[in-house]
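Chemist: Here is my input, please return the structure:
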Amino acid sequence: MTLRGNTSQEDRGGYRIENTTRTRLTGNLVSAVVNGGIDVLGGNAELKMADNLITGGTVFSDGPLFSTPSAQVPVRSTGVVVHDITVAGIKTTNTAGAVVGTGVGIGIGAINGARFFDSALSGNGAAGFSVLNNNRDNHVRDNVADDNAGYGIRSRAPDRSGTPSRKTA
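Modeler: Purely as a prediction, here's the structure:
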C-alpha cells in the first residue's frame, strides 16, 4: 500500500499502520490532530516513511509513534526506514500538568533493524527523538533536533534481566 500526498488535519488521529508489508507513506501532511500523528503498531515489515510533515496542535503523544507490541499485535516491526520527515511543535499539557510530546517515539521492544536519517525534529514538548529499551540493531544518523523541551535525541539501553536501563543523550 502507498499513502502519498494525503492530508489529515484536526482529526482524532492521523494515520495508523499495523501488520503491513512494504507500505509507503510519502509526501503526507498531518496537522493539529488530537492523538497521534502516525501510529505504527507492530507487525510491519519494510515500512518506509519519507518527506512527511507532521506539525503540532493539540497532539497528545508523538509524531510517528512506534508502539510497544501488545497482545493484539505481539510482533515488533522490522526493516523500517524513516527519512526526510519534519516533526515540529508536538506538545500539549497532560492531566498532571506536564508538557509532553515527542517528535519520533519508539516504545519498548517496538522495532528491530530500522534506519532513521535526514529528518528535522524541532519545538517538541519532550524529546525530538526518543528510543526506549529493547529495540535492537537500529541506526539513527544525520538528523537535526533543536528547540525541543527535553533531549534532542534520547536512547535507553536494552533491558538486561532486571538491570535498570541507562539514560543516554
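Chemist: Low-confidence regions, this structure specifically.
Modeler: Within the chain, the stretches with pLDDT under 70 are 57-61, 157-169.
Chemist: so what's A50 bridging to?
Modeler: Assessed by DSSP bridges, A50 has beta-bridge partners T26, H83.
Chemist: Over to A88?
Modeler: As for beta bridges, A88 partners with T55, S122 under DSSP bridges.
Chemist: so what's it up against?
Modeler: Residues near A88 by C-beta atoms under 8 Å, 6 or more residues apart in numbering: 54-56, 103, 120-124. (C-beta placed from N, C-alpha, C; glycine too.)
Chemist: Look up how far T95 lies from A110.
Modeler: 24 Å (C-beta to C-beta, to the nearest Å).
Chemist: do S67 as well
Modeler: Taking C-beta to C-beta, one finds S67 at 21 Å from T95.
Chemist: cool, and G63?
Modeler: G63 is 21 Å from T95, by C-beta to C-beta.
Chemist: A110 and T95: which is more packed in?
Modeler: A110 (25 against 5; other C-beta atoms under 10 Å).
Chemist: ok, how many other residues are close to the nearest residue to that one once chain neighbours are set aside?
Modeler: Leaving aside its sequence neighbours, A110 sits nearest to F66 (C-beta to C-beta, 6 or more residues apart in numbering; 4.1 Å). Counted with other C-beta under 10 Å, the neighbours of F66 add up to 29.
Chemist: Next: I85.
Modeler: The tally of other residues near I85 (other C-beta under 10 Å) stands at 26.
Chemist: surely it meets I54?
Modeler: Yes - if you go by C-beta atoms under 8 Å, I85 and I54 touch, sitting 6.9 Å apart.
Chemist: what is in contact with these two at once?
Modeler: Common neighbours of I85 and I54 (C-beta under 8 Å, 6+ apart) are 63-64.
Chemist: just to revisit the earlier point, could you save the contacts of A88 as CSV and add columns showing neighbour count?
Modeler: Listed next are those as CSV, based on neighbours: other C-beta atoms under 10 Å:
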residue, neighbour count
I54, 29
T55, 19
G56, 22
G103, 33
A120, 16
L121, 28
S122, 17
G123, 18
N124, 32
